[in-house]
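Novice: here is my input, please return the structure:
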Amino acid sequence: MKKLLFPIVILLSQIQMASAFTLTGKVSDGTNPVPYTSIYVKENPQNGTISDFNGVFDIPDFNEGQSIVVSFIGYRTMELKFKKQPKDTINITLVEQPILLAETSVNAKNKKMSHRKQMKAILKDVKAQMDKDFPDDNIMYNVVSDYGVYNEGAAMAVEDVGADIVEIPGAGDKGKDLVQLRLNWINRYRDDHIQSNYEKLDSTLKKKQNAKLIHYADSSRWVHKFLWGSGVKYLFNRMSDTPGRWDTQEVDSVLVLTYTESHNILGIAKGELVLNYILNPYSYRVYKLSQSLVVDLDIPFGYKLTKEQLSMLNTLLIGSDALKKYRVKKAHIDIKRNILYTENNNRMVVQEKNVLTNIHIQERKGNHINFKQTGSIKVNDVKIGVSPLTKKQIYTPYKLTLKPKP
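Specialist: Numbering: from 1, shown residues only. You can find the predicted model right below:
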């Protein structure tokens with residue numbers, strides 16, 4: 001029996017090796033190539049890559065019958081399955097899905113302000129539906145999360161991680177949801193400058209960690225937790241106490257519930273936060289949340305930013321310390337986020353999250369800094385009613401693979 005088993009094992013391994021091949025493709029929007037697109041094998045998420053400046057990518061060790069997941073901020077995530085090996089380079093055309101969809105933006109000329117009393121009743125009904133759709137159960141999401149930093153279009157840092165995220169409702173500071181993240185693997189590229197800045201950030205994080213865990217302090221954990229953000233109920237409950245800032249509008253068979261908040265600080269800093277909840281108009285079930293935060297700084301001559309203000313801006317410019325060298329004249333910061341939800345076991349769970357940040361800074365001497373940051377989180381699997389992760393689980397060492405510049 002053993003004599004027969006050994007040749008069979010060899011034969012099976014040879015068949016598996018023969019079926020593996022390198023999948024080559026090109027990503028475009030139908031007109032132009034789309035660089036820095038995330039592509040990974042659904043059955044083996046660690047086997048992934050990003051497209052180069054011409055939209056071209058290669059995935060080695062790909063097998064017939066496997067699927068790839070293709071995603072880029074502002075476009076719909078695609079899943080493509082290959083029953084057999086393609087003869088030529090595959091061409092993938094992305095379909096636009098802007099961070100803040102045009103149909104979800106309430107037109108100021110057409111919107112009808114709801115009566116405050118009526119708006120209060122609608123918010124109450126939406127909250128009741130959210131309590132049904134998002135019960136206070138701990139949830140574990142197995143995700144693939146990608147993050148990129150670009151300066152004038154050139155990649156400074158690109159990172160894909162495989163992780164488990166546990167969301168514990170109401171267990172965080174001031175009633176926020178507590179988010180735990182366990183890194184399983186990382187594929188990473190960082191240029192020398194940004195790597196130096198991340199090492200400084202890691203050093204700061206280590207000072208805040210328990211001495212026993214100091215070895216595992218890692219900025220990647222902080223970045224990808226930041227991309228995930230807080231839960232939909234906490235955000236809604238915090239804003240629903242001010243019905244005068246809410247509007248409703250029906251657009252293309254959905255109900256758009258919009259919250260707007262504006263601030264003007266001494267004419268120096270102006271900001272506007274807009275939240276668009278996309279609801280079923282009959283049940284008030286939430287299917288999508290779009291967030292937009294726009295901040296403009298116009299700093300008068302002679303006014304110098306404090307160290308705390310510079311630190312805040314540098315936090316947005318992850319990986320750059322340029323603002324320590326320049327006196328800022330103007331800055332425009334535009335952050336947009338999409339969260340898509342889907343039904344799972346008679347409740348709603350996260351399906352995908354996307355974040356896009358554009359930052360333009362002008363200093364006194366006329367120099368300009370243009371940064372773009374992208375982040376996308378795709379959910380592979382969901383487990384409801386799990387126990388919180390222990391510190392040992394959270395800080396388990398992960399596999400790190402360094403990638404060449406895309």
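Novice: do you have the strands of the stretch 151-300 of the chain handy? List them.
Specialist: Along the stretch 151-300 of the chain, counting by DSSP state E, counting those that start in this stretch, strands occupy 154-168, 178-190, 246-251, 254-265, 269-279, 286-298.
Novice: from the ones you listed, which stretch is densest packed?
Specialist: strand 154-168 (a mean of 21; mean count of other CB atoms under 10 Å). Heads up, the C-betas are built off the backbone N, CA and C, glycines and all.
Novice: that strand pairs with which strands?
Specialist: Here strand 154-168 is paired, per DSSP bridges, with strand 139-151 (antiparallel), strand 178-190 (antiparallel).
Novice: mind putting the ones you listed into CSV with distance to V251 and mean pLDDT?
Specialist: Listed next are those as CSV, based on distance: least, CB to CB, whole Å; pLDDT from 0 to 100:
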stretch, distance to V251, mean pLDDT
strand 139-151, 29, 92
strand 178-190, 31, 93
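Novice: what's the closest of the ones you listed to Y282?
Specialist: strand 139-151 (26.1 Å; CB to CB).
Novice: sorry, back to before: quick one: closest of the strands of the stretch 151-300 of the chain to N345.
Specialist: strand 154-168 (15.5 Å).
Novice: quick check: beta-bridge partners of K399?
Specialist: In beta-bridge terms (that is, DSSP bridges), K399 pairs with W185.
Novice: correct me, but it touches N184?
Specialist: Yes. Contact between K399 and N184 holds when scored by CB atoms under 8 Å: they sit 7.5 Å apart.
Novice: if we can go back for a sec, can you redo the strands paired with strand 154-168 as a markdown table with distance to I92?
Specialist: Below are the strands paired with strand 154-168 laid out as a markdown table (distance: least, CB to CB, whole Å):
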| stretch | distance to I92 |
| --- | --- |
| strand 139-151 | 16 |
| strand 178-190 | 20 |
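Novice: to L356, which of these lies closest?
Specialist: Taking those one by one with CB to CB, strand 139-151 is closest: 10.2 Å.
Novice: could you check the closest one and say which residues are buried?
Specialist: 139-151 (16 or more other CB atoms under 10 Å).
Novice: picking up where we left off before, right, and the strands paired with strand 154-168 - which one's nearest H360?
Specialist: strand 139-151 (11.6 Å).
Novice: now do the closest one: distance to the chain's middle.
Specialist: 5 Å (CA atoms, centre = their mean, to the nearest Å).
Novice: any stretches of this structure with poor pLDDT?
Specialist: In the predicted model, the chain carries pLDDT under 70 at residues 1-18, 98-115, 205, 208-217, 266, 300-328, 363-366.
Novice: what sits against the residue nearest to L400 when sequence neighbours are not counted?
Specialist: Closest residue to L400 apart from its sequence neighbours, by CB to CB, 6 or more residues apart in numbering: I186 at 5.0 Å. Counting by CB atoms under 8 Å, 6 or more residues apart in numbering, I186 makes contact with E159, D160, V161, G162, S220, Y398, K399, L400, T401.
Novice: swap in 7 Å and give it another go.
Specialist: E159, V161, S220, Y398, L400, T401 (CB atoms under 7 Å, 6 or more residues apart in numbering).
Novice: tabulate the residues you listed (TSV), appending distance to V256.
Specialist: Shown next, in TSV, are the contacts of I186 (distance: CB to CB, whole Å):
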residue	distance to V256
E159	34
V161	33
S220	35
Y398	40
L400	42
T401	42
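Novice: for S253, state which of the residues you listed is nearest.
Specialist: V161 (36.7 Å).
Novice: now do the closest one against S67, distance only.
Specialist: 20 Å (CB to CB, to the nearest Å).
Novice: which residues sit against stretch 19-27?
Specialist: Stretch 19-27 has contacts (CB under 7 Å, 6+ apart) with 33-34, 37, 51, 55-64, 70, 85, 89-92, 94.
Novice: just the buried members of the residues you listed?
Specialist: The buried subset of those - by 16+ other CB under 10 Å - is V34, T37, S51, G55, F57, I59, F62, N63, V70, I92, L94.
Novice: the fifth one: what's it in contact with?
Specialist: Which is F57. G25, V27, I39, T49, I50, S51.
Novice: I'd guess it is in a strand, am I close?
Specialist: Yes. Assessed with DSSP: H, G, I helix; E, B strand; the rest coil, F57 lies in a strand.
Novice: need the nearest residue in space to it, chain neighbours excluded.
Specialist: In space, F57 is closest to S51, 4.5 Å off (CB to CB, 6+ apart).
Novice: gap between the one you found and P406?
Specialist: 8 Å.
Novice: and for these two, which residues touch both?
Specialist: With CB under 7 Å, 6+ apart as the test, S51 and P406 both reach Y36.
Novice: what ranges do the helices span in this structure?
Specialist: With DSSP state H applied, the chain shows helices at 2-19, 116-133, 192-208, 219-228, 232-239, 307-316, 391-394, listed in chain order.
Novice: quick one: buried residues of stretch 350-360?
Specialist: V350, Q351, E352, K353, N354, V355, L356, T357, N358, I359.
Novice: so what touches that stretch?
Specialist: 73-74, 77, 99, 141, 227-228, 316-317, 332-342, 368, 370-379.
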